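Provided below are the primary sequence and the corresponding predicted coordinates.
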Amino acid sequence: MPSWLFLQSCTKMPRCCIECNAWRERVDLPGSARMVLVDNVVPFDPEPQIFEPMLEGWARQQRVGFLKKETIDRRLALVRRASRFSGQYPWQWSAAEIGAFIDDLRSGSRPIKVSTARGHLTNLQLFLGFVTDPRYGWAAACMERFGQAPQQVLCEWNTITHANEYEGAPERRPFTYDEVQALFDAADGLVESIRARRRKGALAAQRDAALLKMFYAFGLRRREAWGLDLADLRRNPKMPALGQAGVLQVRWGGGGGSRRAAGRRSGEPFCWCRRWIGSFPSWSSGWRKCGRCSRPGLTRRGG
């Protein structure tokens, strides 16, 4: 059977293909067993000698997808942690072993939250999906060496569905509009207090107050706000009253991407945002003329 037809027709590794070593004839994808394992070498301790290359293959496959190193290292550490807990390797895992691992994390002095458990299960599901994919050859390699292959034991019935929009602790809630207004008033009051005392730091406090409001108005993440510059502000045809500050070009988005963020608040609660956003260009031009900052970055300190 041609390799391209085999890849389209097989969703699981048939035993006949394993016995005739057809997996060696497949396309050499990044992270595949053929690209990582060394041929014609019999390891003294075969289980670790397969497990570590398997993790390296998964890491290579993720690097090809331009995932961040922190994300890859966190996923690999989770797989190693699950293997240590169960005392088994991935080709020996069952649904009960994964369930026991998550249940253990829920107990103890610092139990994990629902969102953390979902993230762990998702990452383990991705790992098992990688090692059971016939295009990478890891299932065939395990079957050839150990007589058993990894299985995808995680599916919709033993994973956590993201059903609720908010999954935080019940004692935590979003701010009301009055509380948000009080927070912004306190930030503005700090600027006036520093100016009244003729102390340094008024400019930095004014910048921080503007960033605080920008977090709320545009729904920014911390890293997205970290990489902002004044040149990222754009006009929004739907909000001409905001002038040059109607849309924000986010260049440091999640996964290294970029996006355009418009003011997502509407109605009366957004009126006070209109006041400061509309006057932002004039305020920032005065900030740049002070001569204390060579680059007009929103988050760079000027002195």
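Yes, it's here. Note that the structure is predicted; figures quoted are calculated from it, not measured. Residues are numbered from 1 along each chain as shown.

per-residue pLDDT, Pro281?
pLDDT recorded at Pro281 is 53.

revised request: answer the last question for Ala261.
On the pLDDT scale, Ala261 gets 68.

equivalent analysis for Leu203, please.
87.

what do you get for the one 10 residues further on?
At Lys213 the predicted local confidence, pLDDT, stands at 84.

what about it, neighbour count?
Applying other Cβ atoms under 10 Å, we find 21 residues neighbouring Lys213. C-betas here are computed from N, CA, C, even on glycine.

same deal with the one 4 residues further on?
With neighbours defined by other Cβ under 10 Å, the count for Ala217 comes to 22.

which element is it on?
Secondary structure assignment for Ala217, by DSSP states H and E: helix 202-218.

and that helix, C-alpha only, in PDB?
What follows is helix 202-218, C-alpha atoms only, in PDB (Å, rounded to 0.1, in the frame of the first residue of the first chain):
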ATOM      1  CA  ALA A 202       4.100  62.200  38.800                       C
ATOM      2  CA  LEU A 203       4.700  61.400  35.200                       C
ATOM      3  CA  ALA A 204       5.100  57.600  35.900                       C
ATOM      4  CA  ALA A 205       2.000  57.700  38.100                       C
ATOM      5  CA  GLN A 206       0.000  59.300  35.300                       C
ATOM      6  CA  ARG A 207       1.300  56.700  32.900                       C
ATOM      7  CA  ASP A 208       0.300  53.900  35.200                       C
ATOM      8  CA  ALA A 209      -3.200  55.400  35.700                       C
ATOM      9  CA  ALA A 210      -3.600  55.500  31.900                       C
ATOM     10  CA  LEU A 211      -2.400  51.900  31.500                       C
ATOM     11  CA  LEU A 212      -4.800  50.800  34.300                       C
ATOM     12  CA  LYS A 213      -7.700  52.200  32.300                       C
ATOM     13  CA  MET A 214      -6.400  50.800  29.100                       C
ATOM     14  CA  PHE A 215      -6.400  47.300  30.600                       C
ATOM     15  CA  TYR A 216     -10.100  47.700  31.300                       C
ATOM     16  CA  ALA A 217     -11.100  49.500  28.200                       C
ATOM     17  CA  PHE A 218      -9.400  47.200  25.700                       C
END
